[in-house]
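Chemist: Okay, predicted coordinates and the sequence, questions at the end:
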Amino acid sequence: MLSEGTKAPDFSLPTESGEQVSLSQFRGKKVVLYFYPKDNTPGCTKEACSFRDNHEAILEKGAVVIGISADDEASHRKFKEKYDLPFYLLADPEKKVIQEYGAWGNKERAGKIFPGTHRVTYVIDEEGTITKAFEKVKAAEHASEVLPHL
């Protein structure tokens with residue numbers, strides 16, 4: 001994971017509609033940058049809906065929400081439409097940004113170890129500095145954990 005107090009690396013990735021979004025375009029705003037394993041899975045849906053349900057409060061604090069997973073644009077489009085998600089979902093199928101932000105590594109489920117995206121979140125300030133890093137995330141309550149740090 002990246003450390004609090006470090007500059008967040010810039011990136012440019014496509015949204016569900018193919019629009020390129022860069023971290024640098026949000027200078028002057030706070031950014032909630034969250035990495036998640038997979039669209040339309042139970043934990044990821046709970047986390048995304050938590051950000052959806054708290055989206056107005058996040059906007060009131062001058063922040064934007066960006067979710068990144070290795071899913072492609074079509075998967076993001078379906079996920080966003082199904083759950084009425086009002087924030088950016090960016091596709092990183094090559095996992096370059098996921099790896100750069102320390103959200104990729106070995107996971108364990110049912111006694112098996114496999115590589116995958118970890119549920120990691122960063123709060124980035126108006127100048128592009130990481131002010132809070134969340135390594136352990138409770139999917140259903142995560143947005144309310146993030147709000148006090150904006």
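Modeler: Everything's here; your move. Residues are numbered from 1 along each chain as shown.
Chemist: Could the C-alpha coordinates of stretch 32-47 be exported in CSV?
Modeler: Written as CSV, here are the backbone C-alpha positions of stretch 32-47 (Å, rounded to 0.1, in the frame of the first residue of the first chain):
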residue,chain,number,x,y,z
VAL,A,32,-12.1,9.0,-2.4
LEU,A,33,-10.2,6.4,-4.5
TYR,A,34,-11.4,2.8,-3.8
PHE,A,35,-10.2,-0.4,-5.2
TYR,A,36,-12.5,-3.4,-5.2
PRO,A,37,-12.3,-7.0,-6.5
LYS,A,38,-15.2,-7.5,-8.9
ASP,A,39,-18.5,-6.0,-10.1
ASN,A,40,-21.8,-7.6,-9.1
THR,A,41,-20.3,-9.7,-6.2
PRO,A,42,-21.9,-9.5,-2.7
GLY,A,43,-19.1,-7.6,-0.9
CYS,A,44,-18.4,-5.2,-3.8
THR,A,45,-22.1,-4.5,-4.2
LYS,A,46,-22.4,-3.6,-0.5
GLU,A,47,-19.4,-1.4,-0.7
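Chemist: quick one: buried residues of it?
Modeler: 32-39, 43-45, 47 (16 or more other CB atoms under 10 Å). All C-beta atoms are positioned from the backbone trio N, CA, C, and that covers glycine.
Chemist: Strands along the chain, start to end?
Modeler: Ranges of strands in the chain, per DSSP state E, are 12-14, 20-22, 30-35, 63-69, 88-91, 104-109, 112-117, 120-124, 130-134.
Chemist: can you list those strands in TSV and add mean pLDDT and distance to residue 76?
Modeler: Shown next, in TSV, are the strands of the chain (pLDDT from 0 to 100; distance: least, CB to CB, whole Å):
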stretch	mean pLDDT	distance to residue 76
strand 12-14	98	9
strand 20-22	97	12
strand 30-35	98	14
strand 63-69	98	8
strand 88-91	98	4
strand 104-109	89	18
strand 112-117	92	14
strand 120-124	98	18
strand 130-134	98	22
